[in-house]
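**Q** Take this sequence and fold it.
(2 chains)
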Number of protein chains: 2
Amino acid sequence: MPTMTGMDLRKELQYKIDNKTKPLGALGRLEEVALQVGLIQRSVRPQINHPHIVVFAGDHGIAATGLVNPYPQAVTAQMVLNFMAGGAAINVFCRQQEIGLTIVDTGVNFDFPEVPSSQKLIRAKIGYGTRNYLEGDAMSREEALQAMEAGGKIVADLSREGCNCIGFGEMGIGNTSAASLIMSFVTGIPVEDCVGRGTGVNDEQLERKIATLQEVSRLHLPAVAASPASLTILQHVGGFEIAMMTGAYLKAAELNMIILVDGFITTSALLLARLSEQGKEVQDHCIFSHTSGEQGHEKMLQYLGARPLLHLGMRLGEGTGAAMVLPLVQSAVSFLREMASFESAGVSRE
Amino acid sequence: MPTMTGMDLRKELQYKIDNKTKPLGALGRLEEVALQVGLIQRSVRPQINHPHIVVFAGDHGIAATGLVNPYPQAVTAQMVLNFMAGGAAINVFCRQQEIGLTIVDTGVNFDFPEVPSSQKLIRAKIGYGTRNYLEGDAMSREEALQAMEAGGKIVADLSREGCNCIGFGEMGIGNTSAASLIMSFVTGIPVEDCVGRGTGVNDEQLERKIATLQEVSRLHLPAVAASPASLTILQHVGGFEIAMMTGAYLKAAELNMIILVDGFITTSALLLARLSEQGKEVQDHCIFSHTSGEQGHEKMLQYLGARPLLHLGMRLGEGTGAAMVLPLVQSAVSFLREMASFESAGVSRE
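**A** Okay, here's the model as predicted:
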């Protein structure tokens, strides 16, 4: 079938959707997803191949201070070991739904042993955690660039292996703080409105987290305001895992993949990816999976004009929201490919 | 493992959920589903076996008048033929998710040929459609009872074959009208607030649909008020497919199955099942899949105190909402069974 583009394809897809044996619009948001996936793949018979989730893990200098996180920094490494052993939520959900899973050490403060594990680990360590952004930049400009490139390369490798639908997840004690700062710098929303409870913060801890991040924001605002580019923001307050995801989004869009957007931290990387020159069309490739229980996520989604498919009160990260939404995307594609039309089934219209 | 009951089991399940390697409550509504399924199966290691959807099809006498439905009555039979050929939305979704599918002719106004088809049809015809309830009762008391028993038998057969998780769907031109009347009689909400657009009704048609159903309601209210039991309501304004679903709900709960509740019409059958003496605990077995785009459904769910998992604007019936929710239920069960605990994974707590 010849490839169509632009309006012709959109009309052709809408016609095909409307002619399935169902009342007009009766599959609701699945119809929007079918249209979007058709437009991404430039086909009236799109398909999902080798869906994959990549979990980027990294440590944050600020976490060692205990000012923003109740869990100790060591939990990042412990959870990566849990991923490698197949025991975390994202392992379970990927097994259940036959989603490929890759774990990436972007900069965890731990040397993972070179032992056989049920789950492969990509070793792409930029450092042993970022530096504490209360005392300087989180990383160098070169490190930020290196991380973005590494993220892009991981996506390119998966694409070459046949994957055309990807979700990103993350693990990093302290990374809701980096995401809040990024959100504030990109959207202009005051940092206190971007901060949430992260992982198990109580009222008192939340107050301290907000005060700390307000201080960080004041420290880095002049430099970011002077050059509000994604690389600058990453350098000042980013995380290695967020930098890799930023590069990963850009590469996935460039390679025309469907991107399943997870929660608060992964969406902060999308905010950065959109800032760049090549990032203009990234969002066209994004299916927003869910609204996280982390309060800033809803505001991020509003800023993006995004309407996620699921509202399950999940706030775990790891890409678990992206995993949850995949069956719905598969259903959207399946009905477009497989359902009979009124004509083919001999069903009367109104 | 010995079977526990009541509070002990609930505590044990909650402890197990809380000790998985994730922040407390971070899997949101999946945690509620895991708890519910554990309580239904009286096990801390529940599992879903042979999930199945049964689509009950039947015709409605009122539909022949054209007063409530823009689609001709013949579409019911045409859609059953579409189910048998594997071309409808529910066929596609069941194939995708490996859900068993059974189609039941409860009383379609058509003789289906005895030819090989890709999808089995259970022939349980009570009649060639109900009678027009503008002119008398929709069915006899005996027919209502016969239909309820037939629905129960279909569920019992599936349970015997190993199914422990079931969803019901329906097809029947005119059946949103029956569902609206049932809803009004059970809940006491005026019939005009129970009526929606059904399948493709425009403003003028909606006005006529409401006026017609107000007349039907006035006609049958005295008899229903005198004996407000499910059998009476079915006799006066029911449908054969709704009567079979009523019996199916009761049997599924009796056999301790997980019930995935679909949309407006299937929920109207649940309203009836709850009325009966054996129906007191039916709702404990119900996972509410989605909020239908049909406006009365949201009010039904409020009446039941139910919070569906999905909000996708779907309004197709056929059990398609139930099919959409199954992967989430499977994820809930999977995390409960397979995720590591803090202890087993060696992950530090707060």
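**Q** Quick one: residues contacting the residue nearest the centre of chain A.
**A** With distances taken as C-alpha atoms, centre = their mean, A:Thr266 lies nearest the centre of chain A, 3.4 Å away. Contacts for A:Thr266 (C-beta atoms under 8 Å, 6 or more residues apart in numbering or on different chains) come out as A:Phe168, A:Gly169, A:Glu170, A:Met245, A:Gly317, A:Gly319, A:Ala322. To be clear about C-beta, it is placed using only N, CA and C from the backbone, and glycine gets the same treatment.
**Q** tell me the least confident of the residues you listed?
**A** For the contacts of A:Thr266, the model is least confident at A:Gly317; its pLDDT is 95.
**Q** so where is chain A shaky, pLDDT-wise?
**A** Applying pLDDT under 70 to chain A flags residues A:1-6, A:200, A:350.
**Q** quick one, helices of it?
**A** Applying DSSP state H to chain A gives helices spanning A:6-18, A:29-41, A:74-85, A:89-97, A:141-160, A:175-187, A:191-194, A:203-226, A:230-237, A:240-254, A:264-275, A:295-304, A:320-338, A:342-345.
**Q** Report the distance from the fifth one to the chain centre.
**A** By that I understand helix A:141-160. Its chain's C-alpha centre and that of helix A:141-160 lie 15 Å apart, by C-alpha atoms, centre = their mean, to the nearest Å.
**Q** buried sites along that helix?
**A** Residues of helix A:141-160 classed as buried by neighbour count (16 or more other C-beta atoms under 10 Å in any protein chain shown): A:143-148, A:150-155, A:158-159.
**Q** Can you add distance to A:Ile53 and give those back as a markdown table?
**A** Supplementary listing: the buried residues of helix A:141-160 in a markdown table, determined by distance: C-beta to C-beta, whole Å:
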| residue | distance to A:Ile53 |
| --- | --- |
| A:Glu143 | 25 |
| A:Ala144 | 23 |
| A:Leu145 | 25 |
| A:Gln146 | 23 |
| A:Ala147 | 19 |
| A:Met148 | 19 |
| A:Ala150 | 17 |
| A:Gly151 | 14 |
| A:Gly152 | 17 |
| A:Lys153 | 17 |
| A:Ile154 | 12 |
| A:Val155 | 12 |
| A:Leu158 | 10 |
| A:Ser159 | 14 |
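**Q** Going by distance to chain B, which of the residues you listed wins?
**A** Among the buried residues of helix A:141-160, A:Leu158 lies closest to chain B (C-beta to the nearest C-beta), at 22.6 Å.
**Q** Could you double-check that that closest one sits in contact with A:Leu101?
**A** No. If you go by C-beta atoms under 8 Å, A:Leu158 and A:Leu101 don't touch, sitting 11.0 Å apart.
**Q** and for these two, which residues touch both?
**A** Counting by C-beta under 8 Å, 6+ apart, the residues touching both A:Leu158 and A:Leu101 are A:His52, A:Val54.
**Q** distance of the residue nearest to A:Ala144 when sequence neighbours are not counted from A:Thr106?
**A** In space, and not counting its chain neighbours, A:Ala144 is closest to A:Leu234: 4.1 Å by C-beta to C-beta, 6 or more residues apart in numbering or on different chains. To A:Thr106, A:Leu234 is 12 Å away according to C-beta to C-beta, to the nearest Å.
**Q** Find residues that contact each of those two.
**A** Residues touching both A:Leu234 and A:Thr106 (C-beta under 8 Å, 6+ apart): A:Ala147, A:Ala243.
**Q** per-domain residue ranges of chain A.
**A** Per the record, chain A has its domains at A:6-47+A:334-345, A:52-329, by automatic domain parsing.
**Q** Can you name the residue of the stretch 51-200 of chain A nearest to chain B?
**A** Closest point on the stretch 51-200 of chain A to chain B, by C-beta to the nearest C-beta, is A:Gly87, at 2.9 Å.
**Q** That residue contacts B:Phe342, doesn't it?
**A** No. Using C-beta under 8 Å as the test, A:Gly87 is too far from B:Phe342 to be in contact (10.5 Å).
**Q** Overlap of the contact sets of the two?
**A** B:Thr21.
**Q** Those two: who's more crowded?
**A** Neighbour count, other C-beta atoms under 10 Å in any protein chain shown: between A:Gly87 and B:Phe342, A:Gly87 has more, with 22 against 17.
**Q** and that one, what is it in contact with?
**A** A:Gly87 touches B:Thr21, B:Glu338, B:Met339, B:Ala340, B:Ser344, B:Ala345, counting by C-beta under 8 Å, 6+ apart.
**Q** need those residues in JSON lines with distance to A:Val186 and neighbour count, can you?
**A** Output for the contacts of A:Gly87, formatted as JSON lines (distance: C-beta to C-beta, whole Å; neighbours: other C-beta atoms under 10 Å in any protein chain shown):
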{"residue": "B:Thr21", "distance to A:Val186": "31", "neighbour count": "24"}
{"residue": "B:Glu338", "distance to A:Val186": "37", "neighbour count": "18"}
{"residue": "B:Met339", "distance to A:Val186": "34", "neighbour count": "25"}
{"residue": "B:Ala340", "distance to A:Val186": "35", "neighbour count": "21"}
{"residue": "B:Ser344", "distance to A:Val186": "39", "neighbour count": "14"}
{"residue": "B:Ala345", "distance to A:Val186": "35", "neighbour count": "18"}
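**Q** Intersect the residues you listed with the contacts of chain A.
**A** Subset of the contacts of A:Gly87 in contact with chain A: B:Thr21, B:Glu338, B:Met339, B:Ala340, B:Ser344, B:Ala345, counting by C-beta under 8 Å from any C-beta of the partner chain.
**Q** where does the stretch 201-350 of chain A come near chain B, residue by residue?
**A** Selection of the stretch 201-350 of chain A residues close to chain B by C-beta under 8 Å from any C-beta yields A:293, A:309-316, A:320, A:323-324, A:327-328, A:330-331, A:334-335, A:338-340, A:344-350.
**Q** Buried only: go through those residues for me.
**A** Buried members of those, counted by 16+ other C-beta under 10 Å: A:293, A:309-316, A:320, A:323-324, A:327-328, A:330-331, A:334-335, A:338-340, A:345, A:347.
**Q** which parts of the stretch 1-150 of chain A sit against chain B?
**A** Checking the stretch 1-150 of chain A against chain B by C-beta under 8 Å from any C-beta, the hits are A:20-30, A:70-72, A:74-75, A:78-79, A:81-82, A:85, A:87-89, A:91-93, A:95-97.
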